[in-house]
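S.K.: Below are the sequence and a predicted model for it; my questions follow.
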Amino acid sequence: MIQVVGTMFFKEQKLLIDKPRKRKTYQMIGGGVEDGETPLQAAIRECHEELGTDAQFDIDKFKLVMEFDEIATSDGKTPIHFYVFQYDGELKGTLSTSEEIEYFLWYDTEEKEAPLSNTLSNEVIPYCLQKKLIK
């Protein structure tokens, strides 16, 4: 089973998500756990890769809040084990798009135009609403 991580950053009751260039849906900030990495190490690495070098965060403020199994949105058949971290702090600095990331979006439920990944729709957004992390 493939291990995947995602990190939730919040600002003004909105969740930071991104739109990879090669996907049609918005995703969590995150990606696969590489050999020899812990899920936390993978989450920190993915945040550095996806948010850009000018984004600033404290690695001591990552907290594991969810784990679940699902089928990968990318192919509809690969089983994955998903670790979701919550960042308990303010994301500082500037976000940078890249060859991999096309857009960033601070999401709340008033945003109707952004197509969301299954992970966001089925697991993360309901969790955020239940915990009153987003509006």
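M.R.: Received the coordinates, thanks.

S.K.: CA only for contacts and neighbour counts going forward, please
M.R.: Fine.

S.K.: What helices and strands are in contact with the helix or strand of the chain with the lowest mean pLDDT?
M.R.: Across the helices and strands of the chain, mean pLDDT, DSSP states H and E gives its lowest value to helix 118-119, namely a mean of 90. Judged by 3 or more C-alpha pairs under 8 Å, 6 or more residues apart in numbering; DSSP states H and E, helix 118-119 is in contact with no other helix or strand.

S.K.: any residues touching it, and which ones?
M.R.: Helix 118-119 is contacted from outside by 27, 73, using C-alpha atoms under 8 Å, 6 or more residues apart in numbering.

S.K.: how distant is it from the center of its chain?
M.R.: On the basis of C-alpha atoms, centre = their mean, to the nearest Å, helix 118-119 sits 11 Å off its chain's mean C-alpha point.

S.K.: Heading C-terminal from it, find the next helix or strand.
M.R.: helix 125-130 (DSSP states H and E).

S.K.: Show the average pLDDT along that next one.
M.R.: Mean per-residue pLDDT for helix 125-130: 96.

S.K.: I appreciate the help and will end here.
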